[in-house]
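Student: coords below, sequence missing:
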């Protein structure tokens, strides 16, 4: 069997990842490809930054965080913009490349086949403020963000609206993201993003094969958990540089995969994490080749909330001026007094079963005198009956994809140490926010955003077009009543996350002095390309890094999956494709005995996306836990670590958004929900025969019964939707 995976394995679905293929990339614009390339390191960066402050299980959405930061970047100027560009790794991109690229990425996510992906953005702006039209125009046209002039005096109504919006967008998986107390008289804007994902395994686990067994943590303890088992061909790669291997579990649609990074036997996840490089996550998928794998993976649900500000994650991402009063420059948002980022929090949820994965995330950020930035992300494990529209990969999208991948890797490194047991987040949403703020920023704020988001070489046209090609479902809405505004924000997020994220904001958090509220939402839903049979799901012990044993529902299935042993990570990676062939859930499972912290350290030098390139189809006995993750992360700290500082302080230069000075981001929160399960239906007899072949075949065992890292990767846009880790 592939390996027993414990709650220290890195699941690269906290962003769900998709295996990259040349034919898929042809459907994305050059700008989109450039952005994807520039930001390919962001998931690993945000994971590492979060992991340093966490010390437990977490799931985060790099795409959600990235979306919020990208939008804030449009309003940043000067050093603040530079910080955001560096955090997102936009330095080599023009302004047009960033906006056009993100547009293409977001639009393609919304129009994918096979899996359900919802990503939505909102910005609430105080109707009494002098907001620059150029800022709102670029958010609406390129980031497809709904701009809502709001009366923040009725903050309860506004927070209710935000929470309803998050709840609906995440299919009810993310609720009560923000309260009315989260917004005070200094708040000027709320930027929010919601993401929802639901995918069905291409190779579903037979529920009858799920059974209880032990999950071993890095400290030697063990717990009983439900483990799924399956024999099939999966993308796989050995990662010697991480002392781990990785496997990709594809979802239906042939785009998304769950990638699992599993430490090698005897290697703790902490050891693998120490070897993680900025490009680790994005380097993995291209390395994979299909191998026969016997995978054993625990069923589990996980929720986590990460305060990126309080934990210093934003600062680890290089965002210093952006979060510092008096230094942040968001003069492109408003001409009033300077504002800065005060709070960034993300809440995520994930559920893995025999049928597939369900995840959601929400991020919001509060800008003192600019408002709150919300980001909502969710992933789900069931197929949606959506009509998919194939789009060309635009030049803008290509450029943004590159920037976003780098940004994702950096963000992962920052988020990995958060004080959370499990983590889920969306780097794409975070990157999107920074790209959006770039259009409003100038001076130091602009430079910070460019550096943090890696979009310095992108002009606003490229950024706008790139994002415009990606998102097409947000519409502008206006309100002068804070109670109604809160209700509308919450309703918006709830709608776009399928009700998984509720009560995103409260009335108290929205006041009349607030000038801007930006919301960004991502919803993803997909069924496995091959579902797990629920009858094969059974209890199986999951061993955490501290040696504790937890009993989980483990889904089981045998079949072909992309898989690889990653020597650099001392782990094994495996991708589970979703229907449609575009998305997949990738799991990075450390070798037994290697703590997840070591895997995360290894990922600093070996990006997650690099795991995919090493994979090959192998016949694998897959045992995957059903699980649900939810994270609520304050992204202020990660922004600071990304170099975005002035954006978060009254010194922010957002003059391209508003002529008056004083706008800055003081709150930046991402909330993510992720759920993985069998897929909801029983596998037919022929599928069951495929899982247990009569003719003997060499099986590579992949048993996820110990800590692991995971991410959800989009092979079409080369972006990471979610990244997370499960320790217990």
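Tutor: Alright, I've got the coordinates. Here the structure is a predicted model, which is why all the values come from computation and not from measurement.
Student: which intervals of the stretch 551-700 of the chain have sub-threshold pLDDT?
Tutor: The stretch 551-700 of the chain contains residues with pLDDT under 70 at 629-630, 657-662, 667, 671, 673-674, 679-700.
Student: any stretches of the stretch 301-450 of the chain with poor pLDDT?
Tutor: 336-337, 360-402, 417-421.
Student: show me the strands in it, by range?
Tutor: Applying DSSP state E, counting those that start in this stretch to the stretch 301-450 of the chain gives strands spanning 329-331, 340-352, 355-368, 371-380, 393-395, 422-426.
Student: what comes up buried for the helix or strand hosting residue 148?
Tutor: Mapping residue 148 onto the secondary structure by DSSP states H and E places it in strand 145-150. For strand 145-150, a neighbour-count test (16 or more other C-beta atoms under 10 Å) marks 145, 146, 147, 148, 149, 150 as buried. Heads up, the C-betas are built off the backbone N, CA and C, glycines and all.
Student: can you tell me how far the third one is from residue 70?
Tutor: I take that to be residue 147. Using C-beta to C-beta, to the nearest Å, residue 147 is found at 16 Å from residue 70.
Student: the fifth one too?
Tutor: When C-beta to C-beta is applied, the distance between residue 149 and residue 70 equals 22 Å.
Student: just residue 44 next, same as before
Tutor: Per C-beta to C-beta, residue 44 is found 18 Å from residue 70.
Student: same check, this time on residue 59
Tutor: From residue 59 to residue 70 the distance is 21 Å (C-beta to C-beta).
Student: what about these two, which has more around it?
Tutor: Neighbours were counted for residue 59 and for residue 70 using other C-beta atoms under 10 Å; residue 70 has more, 49 against 46.
Student: if I've got this straight, that one is in a strand?
Tutor: No - counting by DSSP: H, G, I helix; E, B strand; the rest coil, residue 70 falls outside a strand, being helix.
Student: what sits against it?
Tutor: 84, 88, 98, 102, 143, 430-438, 453, 455, 463, 467 (C-beta atoms under 8 Å, 6 or more residues apart in numbering).
Student: list the beta-bridge partners for it.
Tutor: On the basis of DSSP bridges, residue 70 is bridged to residue 433.
Student: sorry, back to before: helices or strands up against the strand holding residue 148?
Tutor: Packing partners of strand 145-150 (3 or more C-beta pairs under 8 Å, 6 or more residues apart in numbering; DSSP states H and E): strand 115-126, helix 133-141, helix 482-496, strand 518-526.
Student: circling back: which of the buried residues of strand 145-150 scores worst on pLDDT?
Tutor: Within the set of the buried residues of strand 145-150, pLDDT is lowest for residue 150 (75).
Student: wait, it sits on residue 124?
Tutor: Yes - the criterion here is C-beta atoms under 8 Å, and residue 150 meets it with residue 124 at 4.5 Å.
Student: centre of the chain to stretch 231-248, how far?
Tutor: Centroid separation for stretch 231-248 versus its chain: 21 Å, with C-alpha atoms, centre = their mean, to the nearest Å.
Student: how long is it end to end?
Tutor: 14 Å (C-alpha to C-alpha, to the nearest Å).
Student: same check on stretch 86-102?
Tutor: Start-to-end, stretch 86-102 (C-alpha to C-alpha) is 16 Å.
Student: and stretch 314-332, by the same measure?
Tutor: Start-to-end, stretch 314-332 (C-alpha to C-alpha) is 21 Å.
Student: list the buried ones in that stretch?
Tutor: Buried residues in stretch 314-332 (16+ other C-beta under 10 Å): 314-325, 327-332.
Student: residue 598 pairs with what?
Tutor: Beta-bridge partners of residue 598, as defined by DSSP bridges: residue 271.
Student: what's the neighbour count on it?
Tutor: Neighbour tally, residue 598, other C-beta under 10 Å: 32.
Student: gap between it and residue 604?
Tutor: Relative to residue 604, and taking C-beta to C-beta, residue 598 is found at 11 Å.
Student: please enumerate the shared neighbours of these two.
Tutor: 274, 275.
Student: residue 208 contacts residue 534, correct?
Tutor: Yes - the criterion here is C-beta under 8 Å, and residue 208 meets it with residue 534 at 7.3 Å.
Student: okay, the two: which has more neighbours?
Tutor: Set residue 208 next to residue 534 and count neighbours by other C-beta under 10 Å: residue 534 wins out with 28 against 17.
Student: the residue nearest to that one when sequence neighbours are not counted: neighbouring residues, count only.
Tutor: Of all residues not flanking residue 534 in the chain, residue 207 sits nearest, at 2.1 Å (C-beta to C-beta, 6 or more residues apart in numbering). Residue 207 has 32 neighbours, counted by other C-beta under 10 Å.
Student: tell me which residues touch residue 207, please.
Tutor: Going by C-beta under 8 Å, 6+ apart, residue 207 touches 354, 532, 533, 534, 535, 536, 537, 555, 678, 682.
Student: quick check: phi and psi at it.
Tutor: phi -60, psi -30 (degrees, to the nearest 10).
Student: try the one 10 residues further on
Tutor: Dihedral angles of residue 217 (phi, psi; degrees, to the nearest 10) stand at phi -90, psi 170.
Student: pretty sure it contacts residue 546?
Tutor: Yes - taking contacts as C-beta under 8 Å, residue 217 lies within contact range of residue 546: 5.0 Å.
Student: which neighbours do these two have in common?
Tutor: Joint contacts of residue 217 and residue 546 (C-beta under 8 Å, 6+ apart) are residue 728.
Student: give me the more crowded residue out of those two.
Tutor: Legend: neighbour count by other C-beta under 10 Å for residue 217 and residue 546, higher for residue 217 (30 against 17).
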